[in-house]
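Student: I would like to see how this sequence folds:
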Amino acid sequence: MSNVPVEFARFQSGVPGLDEVLQGGLPRNSLILIEGPPGSGKTTIAMQFLLEAVRNGETCLLATNAETPAQLQSIARSHGWSLERVPTIKFGDPATGDALGGADYTLFPEAEVEVGETLRHLFEEVDRLKPRLLALDTISSLRVLAPTPAFHRRQLICIRDYMSSKNCTTIMLDESATSEKDLRSQTLADGIIELKQIDTNYGADRRRLRVRKLRGCRYLSGAHDFTIVTGGLVVYPRLVAQSHERAVLGEPIRSGIDEIDMLTGGGVPRSSCTLIVGPAGIGKSTIATLYAAEAARRGEKSSIMLFDESVETHLARTEGLGFDMRRAKESGLVLMSHLDPAELSVGQIADLLVRQVEKEQIKVVVIDTLNGYLQSAMDERTVFLHIRELVSYLGRRQVATFLTLTQHGILGSEMSAPIDLSFLADNVFLMRYYEVKGAIHKAMSVVKKRSGPHETTIRELIPGAGFITVSEPLEGFSGVLTGAPVYLAPTQGDGAAHGP
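Tutor: A predicted model of the protein is given here:
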């Protein structure tokens, strides 16, 4: 007996990202159940399936009782679609006495007659049009008319068997998941796609898609973020780092300032993640930007994802330090994105970053700040797994990642970070304010480098107009990282001024 999995013929879904989740598309000659509450996108995704089938030369049929023809046309126009090539029939309307030749329901239960007429009309249209893809929107009316659960199950079996005999793939839309799970439809279906809408106290509501079942086929399990935009649903598949191949190793990444490179032992590995931790305003973004600017000088591309400031503010600030980031941005060597955590989910942000890395061959990624990124994650129990997967993916692609994390507090030993991500980072920069003779200074050190040796000294960072000064090690002080150092002896070295 062969262990090679059977490959099913598929329908392309026409939904960006969904075929990646389904690992090929919808299996042909199957019964697919799409569940979700009102407004979750069931009708929209069904239209995308049908329109993609039409584009590929397939015949299809939309049977609906949820919307009027005018409503369907309105939905289609809002997405820039035309349903002219998608035959549409009314499905699930109760039969009337006139439709039965004036007969009253005296010999048979009313529900059995009505459901029987509904299916007869549907089957006649299937015989006439011979569709390869059928969408039923929705099957809720059959459940309402069914006198017993057993009767409803027989009707669903009848639909499944008849469409299978006609080699027709059937998509059933259902709202039963809003109140109770309809195990009758779930057990009969070959595949179940669940659409879920999550309310938020502020910002855009989150939507997630989950494939509950896909009989005989592999698929990407778990929850996947999706949005409804002009043009339909867009799915952002859950990031799985191990599904991406490792790139070839390269030389270490340097900052362009010798003193900082000495701190890191000659540079940071391309595949590493560097966490830059410190209070607000101390220069975390400046250090991260150094590596992006140096990559641009080498002709390599970087991506800077900003959460706490706009692109224009970031450009103006870096220009004041002597970085010509505007020219690098205009040339395409530096991609800058301002992201609103109230509007974007972590899945959307990760998808944007992955597409940049794969399409633009990004070599350096800066996420500034991680605090803003975390605001996009509503489920705190899984946010660590998400960040770990993202960092692991970037490492496999040999991308140098720089994360900035703002700590609470300004001075003293009571500062704390909102979360501890040091276990995910290969390298950790620690930055602190300290006071000397009534003046505030900035200190930086490297407290961790997983792949090799590094300096254990502390140096002073002095941003100036058009340059950055990094001192020699502060050998004359003790207790710098506490914010209140003790002066022991004169420092050895005056430092060196560096322009970009």
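Student: now do the SS call for the spatially most central residue of the chain.
Tutor: Centroid check for the chain by CA atoms, centre = their mean gives residue 347 as the closest residue, at 1.6 Å. Secondary structure for residue 347, judged by DSSP: H, G, I helix; E, B strand; the rest coil, is helix.
Student: identify the bridge partners of the spatially closest residue to it that is not a sequence neighbour.
Tutor: Of all residues not flanking residue 347 in the chain, residue 225 sits nearest, at 2.9 Å (CB to CB, 6 or more residues apart in numbering). No exception for glycine: its C-beta is placed from N, CA and C like everyone else's. On the basis of DSSP bridges, residue 225 is bridged to residue 208, residue 236.
Student: so what pLDDT did residue 225 get?
Tutor: pLDDT recorded at residue 225 is 94.
Student: also the one 5 residues further on?
Tutor: On the pLDDT scale, residue 230 is placed at 94.
Student: what residues are up against it?
Tutor: Residues near residue 230 by CB atoms under 8 Å, 6 or more residues apart in numbering: 78, 79, 80.
Student: likewise residue 367?
Tutor: Counting by CB under 8 Å, 6+ apart, residue 367 makes contact with 305, 307, 373, 401, 402, 403, 404.
Student: swap in residue 245?
Tutor: So, once contact is read as CB under 8 Å, 6+ apart, residue 245 ends up touching residue 396.
Student: measure it to residue 118 for me?
Tutor: Look at residue 245 and residue 118: by CB to CB, to the nearest Å, they are 52 Å apart.
Student: show me the shaky parts of the chain.
Tutor: The chain contains residues with pLDDT under 70 at 1-8, 92-116, 176-184, 247-249, 377-381, 409-422, 466, 483-484, 487, 489-500.
Student: wait, residue 397 sits on residue 244?
Tutor: Yes: look at residue 397 against residue 244 with CB atoms under 8 Å: they come within range, at 6.5 Å.
Student: who's more crowded, the two?
Tutor: Remark: of residue 397 and residue 244, residue 397 carries more neighbours, 22 against 16, as counted by other CB atoms under 10 Å.
Student: residues in contact with the more buried one?
Tutor: By CB under 8 Å, 6+ apart, the contact list for residue 397 reads 244, 246, 247, 357, 358.
Student: the last one: neighbour count?
Tutor: It stands for residue 358. When neighbours are counted by other CB under 10 Å, residue 358 comes out with 11.
Student: same question, the second one
Tutor: Around residue 246 there are 11 other residues, counting by other CB under 10 Å.
Student: who are the contact partners of it?
Tutor: Per CB under 8 Å, 6+ apart, neighbours of residue 246: 396, 397, 398.
Student: how about residue 351, secondary structure?
Tutor: Under three-state DSSP, the three-state class of residue 351 is helix.
Student: separation between it and residue 188?
Tutor: To residue 188, residue 351 is 33 Å away according to CB to CB.
Student: neighbour count: the two, which is higher?
Tutor: Comparing residue 351 with residue 188 by other CB under 10 Å, the one with more neighbours is residue 351, at 22 against 16.
Student: how much space between that one and residue 86?
Tutor: Distance from residue 351 to residue 86, by CB to CB: 29 Å.
Student: and residue 73, by the same measure?
Tutor: Between residue 73 and residue 86 the computed distance is 11 Å (CB to CB).
Student: next one: residue 219
Tutor: 26 Å.
Student: more neighbours: which of those two?
Tutor: Applying other CB under 10 Å to residue 219 and residue 86 shows that residue 86 carries more neighbours, namely 21 against 16.
Student: list the contacts for that one?
Tutor: Contact analysis of residue 86 by CB under 8 Å, 6+ apart lists 47, 50, 51, 54, 60, 61, 62.
Student: in a helix, it, correct?
Tutor: No: assessed with three-state DSSP, residue 86 is coil; it does not lie in a helix.
Student: thinking again about what came up before, could you export the contacts of residue 86 to CSV, including columns for secondary structure and distance to residue 200?
Tutor: Formatted as CSV, the contacts of residue 86 follow (DSSP: H, G, I helix; E, B strand; the rest coil; distance: CB to CB, whole Å):
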residue, secondary structure, distance to residue 200
47, helix, 27
50, helix, 31
51, helix, 31
54, helix, 36
60, strand, 36
61, strand, 37
62, strand, 32
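Student: give me the domain ranges for this protein.
Tutor: Per the record, the chain has its domains at 10-238, 243-498, by automatic domain parsing.
Student: first-to-last residue distance for the shortest one?
Tutor: When the termini of domain 10-238 are compared using CA to CA, to the nearest Å, they are 21 Å apart.
Student: circling back: just name the closest of the contacts of residue 367 to residue 292, please.
Tutor: residue 402 (8.1 Å; CB to CB).
Student: wait, that closest one touches residue 366, no?
Tutor: Yes: using CB under 8 Å, residue 402 is in contact with residue 366, at 4.8 Å.
Student: which neighbours do those two share?
Tutor: 288, 291.
Student: quick one, helices of the protein?
Tutor: For the chain, the helices defined by DSSP state H cover 18-22, 42-55, 69-78, 110-129, 140-145, 149-165, 183-188, 258-263, 284-297, 311-320, 325-330, 346-360, 370-374, 380-396.
Student: closest one to residue 457 among these?
Tutor: Residue 457 lies closest, by CB to CB, to one member of the helices of the chain: helix 258-263, at 7.3 Å.
Student: burial count for the closest residue to residue 220 other than its chain neighbours?
Tutor: In this structure, residue 220 finds its nearest non-sequential neighbour in residue 21, 4.7 Å apart by CB to CB, 6+ apart. By other CB under 10 Å, 23 other residues sit near residue 21.
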